[in-house]
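Visitor: 3D model of this:
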Amino acid sequence: MTEIAAVSETIVYIRFLRDRMSRTIFLTVLPLKDGKADPIFNTLVSLIENSGLDIQKMCHFGSDCDSVLVGCEDCVAARLRNRVPHLVNNQCVAHKLALAVCQASNHTF
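Guide: You can find the predicted model right below:
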C-alpha cells in the first residue's frame with residue numbers, strides 16, 4: 001500500500017496568446033523530490049527549458065500561498081524574478097478564496 005500523503009507533486013499550466021486569443025493548457029504534473037524552494041525552482045526551470053519554452057518570455061507566475069512558493073526572499077517566485085526581472089507573481093485567487101471560506105466557517109460570531 002502507498003501512502004498518498006507522502007507524494008509531493010505540483011500541477012503546471014501555461015497560459016499564452018495565440019492569434020490574439022488567450023489559451024490555457026495543462027502542461028504536466030511535476031513530481032517533487034521535496035517541498036523546498038531550491039528543488040522546486042530547479043525542476044520548474046528544467047521543465048520550461050526542456051519544453052522548448054523561452055523562460056525570458058515568461059511574464060507571470062501564479063501559485064497557492066505556500067511560503068516556499070511566494071512567501072519569503074528565497075522562495076520560488078523570488079528565484080524566478082531574479083532570473084526573469086519583469087516577472088509578476090501572485091497567489092491564486094481561487095485558492096485564497098477557499099482558504100478564506102474555510103477560516104470563516106471556523107469562526108464563531
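
Visitor: okay, CA-based contacts and neighbour counts for the rest of this
Guide: OK.

Visitor: Over to the spatially most central residue of the chain: give its phi and psi.
Guide: The centroid of the chain falls nearest to S63 when counting by C-alpha atoms, centre = their mean (3.8 Å). The phi/psi pair for S63 (degrees, to the nearest 10) reads phi -160, psi 180.

Visitor: In contact with it, which residues?
Guide: Shown in contact with S63 (C-alpha atoms under 8 Å, 6 or more residues apart in numbering): L69, V70, N90, Q91, C92.

Visitor: if you skip the residues just before and after it, what's nearest to C59?
Guide: With sequence-adjacent residues excluded and distances taken as C-alpha to C-alpha, 6 or more residues apart in numbering, C59 is closest to L87, at 4.6 Å.

Visitor: OK, contacts around the one you found?
Guide: With contacts defined as C-alpha under 8 Å, 6+ apart, L87 is in contact with M58, C59, H60, F61, L80, R81.

Visitor: out of these, which are inside helices?
Guide: Judged by DSSP state H, helices contain the following of the contacts of L87: L80, R81.
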